[in-house]
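In: Here is my input; please provide its structure:
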Amino acid sequence: MKWRKSNDQKIMDRARKARMDRISGERSRERNSLSSQSGVSQTEDGGGKRMIRVTRLSGEVLYLNIFQIESMESIPETKIKMMNGYYFLVKDSAESVLEQIRAFLNGCMVPGGPK
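Out: From the prediction side, this is the model:
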């Protein structure tokens, strides 16, 4: 008698394959020294528009798009959760990240702000 997969098992197999494809894609980006979220080199000296600069626990500099941040949590380090479900543990305090976001938004909304 041949065993047939249930619909639930087929769904789980597709989800597992998608996870493995995503992981292998992240590994190739890491080999090329690119961030898995932003596509920005982690050793780049300057940030871009709508980006904040944070430092990972390992000391690497990372630039995050402020419009992709979903939430932040202050445990001994700061955990920044992105809209795509990824998260980063950073040395920066949640308050310093919020200050960077405020500075950007004030520059956009205040007449005569930085160009």
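
In: On the C-terminal side of the longest helix that the chain contains, identify the next helix or strand.
Out: Taking DSSP state H as the criterion, the chain has its longest helix at helix 7-31. Downstream of helix 7-31, the first helix or strand assigned by DSSP states H and E is strand 51-55.

In: What's the mean pLDDT across that following strand?
Out: The average of the pLDDT scores along strand 51-55 is 91.

In: In terms of secondary structure, what does that strand contact?
Out: If contacts are counted by 3 or more Cβ pairs under 8 Å, 6 or more residues apart in numbering; DSSP states H and E, strand 51-55 sits against strand 61-65, strand 87-90, helix 94-109. Just so you know, the C-beta spots here come from the backbone N, C-alpha and C atoms, and that holds for glycine as well.

In: Give the other helices and strands that the longest one contacts.
Out: If you count contacts as 3+ Cβ pairs under 8 Å, 6+ apart, helix 94-109 packs onto strand 51-55, strand 69-74, strand 78-82.

In: export those to a markdown table and tack on distance to Cys108?
Out: Below are the helices and strands packed on helix 94-109 laid out as a markdown table (distance: least, Cβ to Cβ, whole Å):
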| stretch | distance to Cys108 |
| --- | --- |
| strand 51-55 | 13 |
| strand 69-74 | 16 |
| strand 78-82 | 21 |
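
In: Would you format those as a markdown table with mean neighbour count included?
Out: Conversion of the helices and strands packed on helix 94-109 to a markdown table gives the following (neighbours: other Cβ atoms under 10 Å):
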| stretch | mean neighbour count |
| --- | --- |
| strand 51-55 | 18 |
| strand 69-74 | 13 |
| strand 78-82 | 18 |
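
In: Which among these is found nearest to Lys17?
Out: Go through those one by one with Cβ to Cβ and the one that ends up closest to Lys17 is strand 78-82, at 22.8 Å.

In: Can you dump the C-alpha atoms of that closest one in CSV for me?
Out: Output in CSV follows, covering the C-alpha atoms of strand 78-82 (Å, rounded to 0.1, in the frame of the first residue of the first chain):
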residue,chain,number,x,y,z
THR,A,78,17.9,46.6,21.8
LYS,A,79,15.9,44.2,19.6
ILE,A,80,14.6,45.8,16.4
LYS,A,81,12.0,43.8,14.5
MET,A,82,11.5,44.6,10.8
